[in-house]
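Engineer: Just need the structure, nothing else, for what follows:
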Amino acid sequence: MRVTESLITTALRERLIAVFEDPSYRPPPLPSVAMELLTLSNKTDARASDVVRLLEQDEMLAGSVMRLVGSPIYSGRNAIATLKEAVVRLGFKGRAGPGLRGHAAQRRVRRGRVR
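Structural biologist: I've put the predicted structure just below:
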């Protein structure tokens, strides 16, 4: 089993390297909601409700944020039940916290498919 996994891992690694080294490769664009979140993260007058409004427009991103806030890194004593609570937990203080900014940018990579 280990040999098969190793061969698959090696083949996948080689394929990924080939895709990324191809001069014609272009990473997929960020979804519009993620781009708006990144823009919002640079505004000092943004509110948590602005972030929640954007997250509510993208079910996949909202679900990802809820999973992120439930992870051991961000989980606390009280379970998070709403997007607003998640935004607050991730560090929204007048700006989108690093957890949200990083997560929005990460979506760009996950949405792309390597063929």
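
Engineer: how about low-confidence regions in this structure?
Structural biologist: Confidence mapping of the chain against pLDDT under 70 gives the ranges 1-3, 92-115.

Engineer: repeat that with 90
Structural biologist: 1-11, 20, 25-35, 37-48, 51, 58-61, 64-65, 68-79, 87-115 (pLDDT under 90).

Engineer: report the longest helix in it, please.
Structural biologist: Taking DSSP state H as the assignment, the helix of the chain that covers the most residues is helix 2-21.

Engineer: Against which helices or strands is the helix or strand that that helix is followed by packed?
Structural biologist: As assigned by DSSP states H and E, the chain's next helix or strand after helix 2-21 is helix 32-41. Packing contacts for helix 32-41, counted by 3 or more C-beta pairs under 8 Å, 6 or more residues apart in numbering; DSSP states H and E, involve helix 48-55, helix 59-69, helix 98-111. C-beta: built from backbone N, CA, C; applies to glycine.
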